[in-house]
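**Student:** no sequence for this one, just the structure:
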């Protein structure tokens, strides 16, 4: 299921977190991996090093995915280097939490630009190549916040709600050549989450799901790679909660 030998994969937001985990795992499964990042040169180089240690081929692609000119240049760079793009994972994301009545316009605009405009621009540019090639897989990383909102998170929730409908629209228009699906990700047990949330908030999150724990980057990566594989060739237009059952309740 996870043999991606010879496949070309573009992962946005791959300088850290889930994006880095995906890059390394796809490389271990035989893929050539394009590592997109916006600003963290050190983080991107660390990802590249880990991709190479896993036996893979990596390509650094610095681009702000909210800018059309940079996205276009990045996609052409990947196509030129790898001969095409078989799989796209729109993993890049940004959260700037502020109370709704105090949320700055800049905080709204930046989160929408990265989380919603970014997948649109990258998906459009990559989708053209995939449709021309007659095949492709796109996985958009969404969040359960798009289904059950939380306070202080209006910009993020709105952006991910948009991603869910963008996933459906892309699936309708890029089929039958391209499968497009989403993952509504719950809270991940990570250094970033433990920086952003108090132990009490994390415990509350764990208690709020039937499995009584958070997910990990490793198991999330496995699920994303399943959606990118031939094992789910008859699945498209779906955003699947990966949250330990939280939104079920």
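**Tutor:** Sure thing, it's come through. Bear in mind that the values here come from a model prediction, so they are computed numbers and not experimental data.

**Student:** name the surrounding residues that touch the worst-scoring helix or strand of the chain on mean pLDDT.
**Tutor:** Least confident helix or strand, the chain: helix 191-196 with a mean of 79, by mean pLDDT, DSSP states H and E. By CB atoms under 8 Å, 6 or more residues apart in numbering, the surrounding residues in contact with helix 191-196 are 17, 95, 187, 202, 214. Every C-beta, even on glycine, is put in place using the N, C-alpha and C of the backbone.

**Student:** now do that helix: distance to the chain's middle.
**Tutor:** Here helix 191-196 is found 18 Å from its chain centre; the criterion is CA atoms, centre = their mean, to the nearest Å.

**Student:** got it, and stretch 135-142?
**Tutor:** With CA atoms, centre = their mean, you get 8 Å for stretch 135-142.

**Student:** stretch 136-156 now?
**Tutor:** Using CA atoms, centre = their mean, the offset of stretch 136-156 from its chain centre is 11 Å.

**Student:** quick one: contacts for the most centrally placed residue in the chain?
**Tutor:** The residue lying closest to the centre of the chain (CA atoms, centre = their mean) is residue 91, at 1.8 Å. Going by CB under 8 Å, 6+ apart, residue 91 touches 11, 12, 13, 14, 18, 19, 22, 141.

**Student:** how about 10 Å then?
**Tutor:** Shown in contact with residue 91 (CB atoms under 10 Å, 6 or more residues apart in numbering): 10-14, 17-23, 36, 119, 139-141, 183, 185, 220-221, 224.

**Student:** also residue 18?
**Tutor:** Applying CB under 10 Å, 6+ apart, the residues near residue 18 are 11, 89, 91-93, 141, 183, 185, 188, 190, 192, 216-218, 220-221, 224.

**Student:** from residue 68, how far off is it?
**Tutor:** 25 Å (CB to CB, to the nearest Å).

**Student:** beyond the least confident helix or strand of the chain, next helix or strand please.
**Tutor:** Downstream of helix 191-196, the first helix or strand assigned by DSSP states H and E is helix 199-207.
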